[in-house]
Structure formats: structure tokens, C-alpha cells
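build me a model from this:
(chains A, B, C and D, ligands or ions: 4)
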Amino acid sequence: MTQDPITLYRSMLVIRECEAQLNELFAKNLFPGYIHSYLGQEACAVGICSGLNDTDYIVSNHRGRGHYLAKGMALKPMMAEMLGKATGICGGRGGEMHAADPALGILGGNGIVGAGMPIGAGAALAAQMDGLGAVAVVFFGEGASNNGAFGETLNVAAAWNLPLIMVCENNLYAEMTPFAQTVGQPDVAARATGYGVASEIVDGNDVLAVRAAAGRAVERARAGEGPTLLELKTYRWGGHFEGDPRKYRTREEEAEWKARCPVARYRRHLVALGVEADRLGSLEAAVAAEVAEAVTFALDSPLPPPESALLKVFA
Amino acid sequence: MTQDPITLYRSMLVIRECEAQLNELFAKNLFPGYIHSYLGQEACAVGICSGLNDTDYIVSNHRGRGHYLAKGMALKPMMAEMLGKATGICGGRGGEMHAADPALGILGGNGIVGAGMPIGAGAALAAQMDGLGAVAVVFFGEGASNNGAFGETLNVAAAWNLPLIMVCENNLYAEMTPFAQTVGQPDVAARATGYGVASEIVDGNDVLAVRAAAGRAVERARAGEGPTLLELKTYRWGGHFEGDPRKYRTREEEAEWKARCPVARYRRHLVALGVEADRLGSLEAAVAAEVAEAVTFALDSPLPPPESALLKVFA
Amino acid sequence: MPTKTYCWAIIDAMREEMARDDKVFLMGEDVAAAGGAFGASRGLLDAFGPIRVRDTPISEEIIVGMGVGAAMAGRRPIVEIMFIDFLGLCLDQIANQAAKSHYIYDGMFKMPLVIRTSSAVEMGIGPHHSQAWEALVGHIPGLKVVMPSTPRDAKGLLKSAIRDDNPVIFIEHIAMHRIKEEIEDDEDFLIPIGKADVKRAGSDVSVVASGLMVARALAAAERLAGDGISVEVIDPRTISPLDFDTISASVSKTSRCLVVSSSHKNFGFGSEVAAEIGERCFFDLDQPVRRLSPPFTPAPFGRQFDQFLNPDTDAIVAAVRDLMA
Amino acid sequence: MPTKTYCWAIIDAMREEMARDDKVFLMGEDVAAAGGAFGASRGLLDAFGPIRVRDTPISEEIIVGMGVGAAMAGRRPIVEIMFIDFLGLCLDQIANQAAKSHYIYDGMFKMPLVIRTSSAVEMGIGPHHSQAWEALVGHIPGLKVVMPSTPRDAKGLLKSAIRDDNPVIFIEHIAMHRIKEEIEDDEDFLIPIGKADVKRAGSDVSVVASGLMVARALAAAERLAGDGISVEVIDPRTISPLDFDTISASVSKTSRCLVVSSSHKNFGFGSEVAAEIGERCFFDLDQPVRRLSPPFTPAPFGRQFDQFLNPDTDAIVAAVRDLMA
Ligand SMILES: Cc1ncc(C[n+]2csc(CCOP(=O)(O)OP(=O)(O)O)c2C)c(N)n1
Ligand SMILES: Cc1ncc(C[n+]2csc(CCOP(=O)(O)OP(=O)(O)O)c2C)c(N)n1
Ligand SMILES: [Mg+2]
Ligand SMILES: [Mg+2]
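Ligands and ions are numbered 1, 2, ... in the order given. Reported below is the predicted structural model:
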């Protein structure tokens, strides 16, 4: 992935627009099922993936659209997948929590919290065996760090010096429960040391900070220096899924975090760098149009035929 | 449990004798199945349990005789259980890896590495709810610390401030694999901090050091100050089970550790304290005789009737 | 008698039993402050406080495992595993610990542990939130597996499960949460575990239906009655131990048996019933025991697939007609 | 043809396939330096080095899960879970990840993962090392479940499993490690997954026997032949997908069927066979399909219990005589 500032901004915008337009669909009752919104976390996926190649792997979770898009998944098949359409990247079988693209090293999402960690470690192991310098990234929420797979994965990654980057997007809540209420120690990154894994805590709303930390971690991994755990402190603007009344937190807290909007922040940075507002404006319009086109494509696409449920149980 | 020095020594001796006499049975082909010997780790169980009451809980693992005896399980039913006899404390159904005694808070062994940890946390939770100051201890090997249950348990114990003492007997090997080869960081205790759990590394062959550390941990737990992880550095003299040819380590390493014998070491301490060798000698003879009696009792006891396998599936 | 939803029946059962016995407590993900991911523990935190109604970390293995330990130490835990699809993360604690402790330790410990979990079959949420795994846990000795199909059954069975000294897996169906039924207003209203319920009497065909399928079997029976086919509908209510006596008594009478469930055909609920009834009622049967089940595939995302994969009333009607042919 | 033990047949299969395809690698607890907890990977570390033969931490969930990830990234992992009793610690990775990825992702990923595991039924090691869980994994769509009963079958099936692009659970039986058999000395000697094997032809009764029970069924057949009863012994070899065509062809011929296995009766292997054969062969059967299985209890410590709980040759002989009565 390229790292030029405009591309970086564009990548965040695409995610932002997708989430916004999906929420509109949901409000209009046009979305089949749950939406796990990525609004507010755009800098995480984009910062991390901006330093990865197509040959690097990512493993996502239930909140995966940001990851898919940042790693380069094409908009239309991604969007169609979310709506469960036949034109989706998985033919609509995976749906909102499951998309993948082998050509880009996107090894899928997951409906099981934490289950992606061992899968990421396995991809890192394969990459290490291949010896071509590829790395694997696992995205997971802070809630997932309480699952047993977390400790097992950190340990084996350290023991085997795997080129694995564990990216914890700490958005403070796991479903309706504040993370702080389920732990004895609030920083996920602090758990790495005990397993012999390097770690950093990063402002997850600052795409440049995320990108820089990712760069360090990727460099270490490619150099054979082993795994890193990055904890990105961030916030999900929406509920656990759309429609969640968010009784577990205050509207003030939400407003505070929205004021730290990662997209607006990077936009200000670009303006300060001298990028003209016009250029950004037309980029924003272009992205909105592109996403709208993808949404239309997805809406207009047919559902997969029910009988296709019987196919592909086995290779 | 009392803490007087002779009782402490006696407790270690009982374990030592049991292990020695069971190994003899095994050599004579009189033992039905595997023996996971506790030889060399006597100071761990005794040091920990010497500070516990009958109302405190322990949860053991596959290498459990030391724990059972140190917590006070009667010799004969314990020994008969090991041989799977009807007079065993579980009627011989549990066998070598499973004994329990509700009256003494001994909540069983386990054939599944790591599975005792959540059970211990559950007992600690019950103790906390009871509000009577009881604590729960889980014994596990360093190998078990690589299992997912370990991180989950540390986390919840810290989050809920459970009166739980996690006792890792680090005897350097898990079956035939050296611990150091399966981790990125060799101290299990170091993993506690990241989860917000207090920890100590202790010389597991020094019963007084273990007892002191256990005392501190128990005190914290009873005072409502939460969990502690104690890592006791020790060594199992035998193989993973009797008959294991121990190709994964050197006879020199074994000799070094035998020179650090926890029983002999405490005996020297007692002699230095002025206890007469005679008194110790007759204690040793008495314990040997008592264990021999238990072995005879066990050998002479009948097997449970096969049809009893159909009983007690449900309460 | 008050009318309650399936969801409130579950809440009521827990509230009544928690009030009755202070050893009972509830823990699981989002069960306390949020009142349950599906609202099935609303009000319990307020009623019983944070010691007895606890939000856990996302740690399925210790959710069950702490339940095991707390039960061994004298409590009567109710633990919640949000979706039955997550059982793979805690099956060791279920199958090797909870189910075997009473047995291994010669009856010295009771294991009054209820594991509440939900099936989301047919809700279109995709492959990790759509499974019917009652047969999986049905294969484990020492467990009881309960699957209520109506609000009243849910309440009476859950109360029995909480009072039971054995580990009980209690499988709720999210798709049924809002259905309503009149329920006895009696604190000691219990439905026994291990007893099947003849939901409709009939004489021509026995339809054994569980969970979501009970209502469809009843609807099918109604339609078939119009054609003069009299269908007996049996809801086992308890998957393990299965009440074969009730089922075989029915089949001996009707000579025909259809089993309908959300459990995959292969190694599933239907196979267990067909094997045992095929044996017990061999000389009474006019036709082999037939199974209507989802085919042996995962469930893709989307309701259209669920509808295609799972038996509906039409399919039951057709299968019964086939049996009568 | 060289004579090999069951254990060496397994080693040979892995060695040949690892030599043939450098994408194949092995990981598990004690599989490398120690050559396997039961010696079933002796020599592989020396032959292929520490990159391809790896000792793992005691972390069952990631042993399987890393296999899943490595397979998605182009490798062909063989992972070992020491005892099948430990599957409860990794069932999510097996059932939700390995078994479903090809399906969910519309065939974009293959899942050439072999999960080798051992059953220790009847070895007296007690409740956590004594289970026959083939039916448990048999209930999961997307998995293949293979259970060889002889050295030759073990080799041919394991080689097929390694070459298969789907996840395969390969269940070894420790009690059979030392039995010997002649095996073809051919690097491409394969036994197809999904095909049952008629281990002995006969005309009066079909005995479907799996795993440890095959040898007993054959011994029983030998004894019964002396009484003039001709027994056909069918070893399914593959538990899922089950080759019902071969079994039903046999039962159509014999009109009588007994299923013998180490799998619990309830929701077990026998129920699956009895249900399907009871349906397919209903009008051919003279007697119901009978199941000989351990009763529905855990296994206590000690061989006397195992002998009591598990079917032996006498029991098979008696059951066949009953069927003929
Ligand atoms: C094993 C498992 N347990 C529980 C759930 C239900 N669940 C889905 S998302 C979620 C919260 C995850 O929180 P976190 O990891 O912080 O990710 P976030 O949703 O905040 O991005 C839970 C509990 C699940 N899908 N899988
Ligand atoms: C879940 C599980 N995995 C593997 C095993 C096989 N096993 C039994 S003991 C053991 C080693 C345990 O090592 P450690 O925890 O260090 O205890 P130690 O035997 O050294 O006391 C293993 C791998 C098991 N019983 N359970
Ligand atoms: Mg979160
Ligand atoms: Mg050890």
C-alpha cells in the first residue's frame, strides 16, 4: 500500500462513507441483519494497513469492514458481501461478519471473538516458513484480549519469534460492558511484556501515530525480530451494533470522542500541510459518490440462490 | 494446618515416602497405570498448604499426591485411591489423577492440563461470596501456564479481586519438552503484572521460603486484597511418569537438583535448630512404617465391582 | 393466569429461584448491567445486586469453569454462554469437568450448575450464530440437556434446572423470545426434566418435534387434521436423558414416526430418536422412522438460506403425507 | 511386502508425505524432540528439521488454530492433539474455523489440515483419557473424520488425509499401536476417505464395526462361522462422511445388522448407522438394527471398568446370536 498523504486520507474517507451509508440503509430497514459499525476507528485500520503489502496477511474480526477496505478489498464486492448478495466477494455467504480476499492476504473476519488470533499466528508461521519477509496482522478488540486465545497466541508468537503483529483496537467497550469493569489492569499492551512480546500504546485516532507504530512493528517482524502487540486507544462512535441504545455510556462521552474524530483530525493536518480545501472537498465528493455507487450495486444485486447453501461444504 | 517445624518436616516426609513406595510398586509391576511422581517437589505442596485451613480450597492437577497429602487427606484412602481400590477416597473411580475430599476443601485433581484454574477461581468466588475469609489455591505446572485458561483466570481474579492463589510449580519440563523451548519469556510470574495480579518467584525447594510467600499471599487474599501468583522454581526428580527414559535432560542436571533436595535441606535446618538426629530418625522410621501400612492396606483392598461404573452418573 | 413471553418466562424463573435460594447466582457476558444480550436477565441486577448478578469478561472457558468451581464450593451458579455456537470454547469444562465431577468423585460433590445458552438458528446471522448443537452435548454422559419450546415450558423447566443437583444445559431459542403463553403464577410451578410432553394427541402418526419445530409440527397437525390425518405431536422437552418411553408408547399406537428438528441429520437428534424408536418399535412400525432436519452444511448469512435449509410447516405436512402413503 | 506396526505405519505415512510435499509440516505437544507422546512421530525431527517438525506449548486452541491459519496461507499442516479427550479445548477452531472456512469464503480457501488425535479407550487411564468422541466431530459439517482399525488402513488413510484439501480428524487408537500388518511398499499407496471396507464377507448378518471393535467383530465372525452363522464385517473406516451405500448393500443382502463401537450409545456412532440403515433397509430388515456400545457413563480409572463397559468378542457373539434367533 502506498503511504502518500492523500491516499491515506482517501482510505479513511472510504471507510467513513461506507459506515455512514450502511447506517442509512439500516435506518431505512434495507440492511439484512446486524451492522457492527467501524465509525470512529478509521485511523486504526488505515494506519496499520498503510504499511502492509498485498503479500502480508491480515485476520479480522466481527467489526471488519475498516480492515477489509484498508487492506484494499474492492468496494463493490465488499459492499455486496455485507448485504449478503451473490456479487459479494464471498458470494454473499459470509455476510456482515465474514469477508476475505486471498489475493490481498485478507484471511477473513470472524463471528467468534478471539478466534482470529491463532489463525493470525498460523499465517505468521507460514510467512516465516516461506522466508519472503511477509508479516501477519490480527485485529481484535480489547474485549477479545480476555479470551484464552490471547495469552496462547502471545506466548507462541514470542517463543517462535513469529512475524505477527497483534493489533488491539481498544474502543473501551465489549458489547454493553465497559472493558474497565472486566479487568484488573486497563492496558492490554501491558500484558505483552510478561509473554516476552514487545508492545506499544498508541493514540488510535491519530493515523500518523498508528502508521508509525505499525511501521516499527512491521520492520521488526520483517527483520526476524518477532511479534509486537499494538494497543490502539480509540472509540466506536456507534453502538455495539446499529440500534443498540447505548445505555452503558453517556452522550457526553460520545461527544468528547467525536470531537477527536480521526478523519477530521487528519484533514486538518493535510490543510496545515498546505493541501487545498478544494482538492479535499472534491476528493470527499468523489468518495461519497463511489461508495454510493457500490451501495447501489449491492442493493441491485441478486441474492444467492438458496440451493447454493448445499455447495462448497467440501473442497 | 499447624506450622510447627516437626509437623512441616513430617508432612514432607509422608509425601517423600509415598512417592518412593509407589515407585517400588511400579517397579514390581504392582501399580495399575501411570505414576506422576511428586518426588523433589515436596516443599511446594507443604509450604503452601501449611498456611491453609480446612475451610480453604485447593484444586490440584495430574501430579496431585503431594497436594492431597499436604492438605491433610488421610493416607490410606489416598493410597487406595491411587491404586483404584474400593477403599479409595473416591471408591477407586478417580485413580491416580483424581482424588478429592470435600471436608478438607480438596476439590480434585485433573487429567486436563490447565482445567483446574477456572475451577479454583470459581471456588475463590464462592469463598468471597461466603465472606468467611476462606481462600482458594490452584496448583499447576509451568506447562499449564501456556494454556488459555491461565490468562482468563488471572484476569478475572484481578478484576473481581478474588481470594485466589495461583501456585505454579515450575519444574522446568512439561512432559518431554523443556519449558524454555515453548515460551518467549521464562518466568511465569512475570505474566501476572500485565493482568494486575501480584506475584512472587520463590525457591520451591525451600519449604520455609514457600511457606512465607504463601503466608503473604494468603494474608492478602483474606484481607480482600485479591489474587497472587506464586511461581515456585523446582524440579521433578522422576520422569513425566515413571518409566519415562528422560532423554530430554541430562543425568548431571538431575544430580544437581537432587543435591538441592528439599527434604534433606529442611532436615539440616532442623538439626541446626537443635532437633536431635534421633528424634528425626524415629520420625522417619515411623512415617515409613505408616506409609507402608497404607500401601499394604491399598494392595489388600478389593477393586470396586465393575458394575459400579453404572452408578453415580447423576446425583 | 398471567400471560408471559418466552423471554420474561426465563427472567421470572431466575428471579423466583434467586429469591428462594440465596445460593443461586448468575454470571455471563452482559447479563448484569445490560440485562442480557437478548434481554433475558432484565431487572435481576437491580433485584439481587452485583454480587449475585455478574458481568464477566469474554472468557467462555472460565465462565463455565468458575461455575464448576463455585458449584463444588456450595453455590448454585447459573452461567450464560451467549450463543450455543460458542460451546467449542468451553466444552472441556462442560464435558470433562461439570459432567464428570459427581461421577469421578464418587458422589462427594454435587454439580448444581445451569448453563444457559441460546440458539439463533434461522435468524440469518450466519455461520457462527446459527447452530443447533443439542446433539453435541446430548452425547456427553452426566449432562442434562433441556430445550423448551414454549414460554410455560421455559419457565417450568428452568426452575427445575436450577433446583437440579446436576449440570443442565438449558438451550433457549432467540427466535421464540417474543411468543406468549399463559403461565401458572405459582412459585413452585415446575416441569420435570426428563419427561416428554404430548403437545397434541393423535392416532395416525407420531411427530417428535423439538425446539422451534414444535409450533410448526402443531401447525402441520392442524392442517393435516383437515385431511383426516390425526397427528400426535411429542415434544421431548429434554434432549438428554430422552424420554423414550413416552415416544415409543406413541409410536406403538400410531405405527409411524417422523422426527423434526433444527439439529443436523448426521449424528443428530433425529438419528438418536430414529435409532432407539426403530429398535423399540420395530415390529409396530409400518414405515421407517423418518427424519426432517437441516442438511449437513453450515448456515450461510441471510434468512433465505435458513428458510431453505430448515424444515417448515409445509415440509412437515409433506413428510407426514409421505408416511401415510 | 514389509510388515509394519500401526504406530510405524503412521510415522511412515507422515514421512512419505513430508518428503513428497514440502508444504506439509507437523506440530503438536512433544511431537518433535521426543518423537511423540506415544512414539508416533519418531525420526521425523531428524528427517525434516525443526522448522517442519515442531514442539508446541500446551495450547490446544492455537495448535489447531495455527493449523487453520497456516493452511489458509498455503501450507498443509498436520497438527496433533494428544488425546481426543482434549478436543473440548479446541473445538471452536475445529468446528467453526477449520470446518467452515472453505464454505464461508465461497471456496476461496482450501483447508488441507489434518488433526491427528488418539483415543485411549480401554486403557484404564480414567475419565479424562478414555473417550471415543468420533460421533461428536461426526456431527460437524465440513469435517472428515477418519478412524483406521489396522496398520495398513492407518497408513493409506493418513496419506489420503494429508493429500486431502479438507480438514480431516484422524483418530488413532493407542491400544492398537503395536499390532502388525503387511503394507504395500508404494509411495502412492492410498486408501480413499469415505469408502467403507468389507473386512469379511458373509451372508447372514452385517456387523458394522469401527476402530478397536473391528478385530473383535472379526474374531466373533470366526467363532460364529463354526456354528454356521456367516457374518459380514464392515469397517466404515471413515466416520464422516459415512459410506452408507456399502453398509446398506450388505444389510439388504443379510437382513440383519449389528453396529459395534466404542462410541457411547446415546447420540453415538451406532445411532447414526441404525437411523440411516433402519430407514434405507426398512423393508429388508428381519430385525431392528442393534447397537452394541459402552453404556452412557464416563469411564472410571482401571481396566476392569473398561472391560465391563466396552463390547468384547463374547458380547458381539451373543448379540449376533440374538439377532439370528
Ligand atoms: C467467543 C464469543 N463470545 C462472545 C461473543 C459475542 N460478542 C460479539 S462482539 C463482542 C464484544 C467484543 O468486544 P471487543 O473485542 O472489544 O470488540 P469491539 O466489538 O469493541 O470492536 C461479544 C461479547 C462472540 N461473538 N464470541
Ligand atoms: C489439555 C491437556 N494437554 C495435554 C495433556 C498431556 N499432558 C499431561 S501432563 C502434561 C505436562 C504438564 O506440564 P506441567 O504443567 O509443567 O506439569 P508437570 O507435569 O511438569 O508437573 C501434558 C502435556 C493433558 N493432560 N491435558
Ligand atoms: Mg471493544
Ligand atoms: Mg512442569
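
A helix includes A:Arg265, no?
Yes: using DSSP: H, G, I helix; E, B strand; the rest coil, the assignment for A:Arg265 is a helix.

and the residue of chain A that's closest to ligand 1?
When distances are taken as Cβ to the nearest ligand atom, chain A reaches nearest to ligand 1 at A:Gly141, 2.1 Å away. Placement of C-beta: from N, CA and C, glycine included.

pretty sure that residue contacts A:Asn170?
Yes: between A:Gly141 and A:Asn170 there is a contact at 7.4 Å, judged by Cβ atoms under 8 Å.

ok so, going back, how many residues are close by the residue of chain A closest to ligand 1?
If you count neighbours by other Cβ atoms under 10 Å in any protein chain shown, A:Gly141 ends up with 26.

could you look up the SS state of the residue nearest to it when sequence neighbours are not counted?
Once flanking residues are discounted, A:Gly141 sits nearest to A:Glu169: 5.8 Å by Cβ to Cβ, 6 or more residues apart in numbering or on different chains. Of the three states, A:Glu169 takes strand according to three-state DSSP.

identify the bridge partners of A:Glu169.
When assigned by DSSP bridges, A:Glu169 has beta-bridge partners A:Gly141, A:Leu232.

can you pull the contacts of the residue of the stretch 1-150 of chain C found nearest ligand 2?
Nearest residue of the stretch 1-150 of chain C to ligand 2: C:Asp92, at 7.5 Å (Cβ to the nearest ligand atom). Residues near C:Asp92 by Cβ atoms under 8 Å, 6 or more residues apart in numbering or on different chains: B:112, B:115, C:61, D:86, D:88-89.

doesn't it lie inside a helix?
Yes: counting by three-state DSSP, C:Asp92 is found in a helix.

what about it, distance to B:Glu96?
Separation of C:Asp92 from B:Glu96 (Cβ to Cβ, to the nearest Å): 20 Å.

so where does C:Ser206 fall, helix or strand?
Secondary structure assignment for C:Ser206, by DSSP states H and E: strand C:205-209.

could I have that strand exported to CSV, CA atoms only?
Extracted in CSV, the C-alpha atoms of strand C:205-209 (Å, rounded to 0.1, in the frame of the first residue of the first chain):
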residue,chain,number,x,y,z
VAL,C,205,-48.6,-40.6,13.0
SER,C,206,-46.3,-39.6,15.8
VAL,C,207,-44.3,-36.5,15.2
VAL,C,208,-41.4,-35.9,17.6
ALA,C,209,-40.5,-32.2,17.3
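
and that strand, which strands flank it?
The strands beside strand C:205-209 in its sheet (DSSP bridges) come out as strand C:231-235 (parallel), strand C:257-260 (parallel).

quick one: average confidence on that strand?
Mean per-residue pLDDT for strand C:205-209: 98.

got the buried residues for that strand?
Neighbour-count burial for strand C:205-209 flags C:205-209 (criterion: 16 or more other Cβ atoms under 10 Å in any protein chain shown).

got a list of what the closest residue to C:Val79 other than its chain neighbours touches?
Nearest residue to C:Val79, sequence neighbours excluded (Cβ to Cβ, 6+ apart): C:Gly67, at 4.1 Å. By Cβ under 8 Å, 6+ apart, the contact set of C:Gly67 is B:122, C:27, C:77-79, C:93, C:98, C:113, C:115.

list just the nearest of those to B:Phe297.
Distance to B:Phe297, by Cβ to Cβ, is smallest for C:Ala98 among those, at 32.7 Å.

burial count for the closest one?
The tally of other residues near C:Ala98 (other Cβ under 10 Å) stands at 29.

with C:Asp165 instead?
Count around C:Asp165 with other Cβ under 10 Å applied: 15.

tell me which residue of the stretch 151-300 of chain C lies closest to ligand 2.
Nearest residue of the stretch 151-300 of chain C to ligand 2: C:Pro167, at 20.0 Å (Cβ to the nearest ligand atom).

that residue is in contact with C:Phe109, isn't it?
No: counting by Cβ under 8 Å, C:Pro167 does not reach C:Phe109; the two are 11.2 Å apart.

now do the shared contacts for the two.
Common neighbours of C:Pro167 and C:Phe109 (Cβ under 8 Å, 6+ apart) are C:Ala71.

between those two, point out the one with more neighbours.
Applying other Cβ under 10 Å to C:Pro167 and C:Phe109 shows that C:Pro167 carries more neighbours, namely 33 against 22.

for the more buried one, give me its contacts.
C:71, C:94, C:98-99, C:111, C:113-115, C:142-144.

ok, A:Ala80 next?
A:Ala80 sits in contact with A:86-89, A:92, A:294, A:297-298, A:301, where contact means Cβ under 8 Å, 6+ apart.

can you pick the most crowded of those residues?
Scoring the contacts of A:Ala80 on neighbours with other Cβ under 10 Å, the highest-scoring entry is A:Gly92 at 29 neighbours.

who's in contact with that one?
A:80-81, A:83-86, A:303-304, C:300-302.

same thing but 10 Å
A:Gly92 is in contact with A:32, A:77, A:80-86, A:298, A:301-304, A:308, C:300-302, C:304-305, D:106, counting by Cβ atoms under 10 Å, 6 or more residues apart in numbering or on different chains.

ok so, going back, return the closest of the buried residues of strand C:205-209 with respect to ligand 4.
C:Val208 (50.2 Å; Cβ to the ion).

so what's the closest one up against?
When contacts are counted by Cβ under 10 Å, 6+ apart, C:Val208 is found next to C:196, C:214, C:217, C:232-236, C:242, C:246-247, C:250-251, C:257-261, C:269-270, C:273-274, C:277, C:289, C:291.
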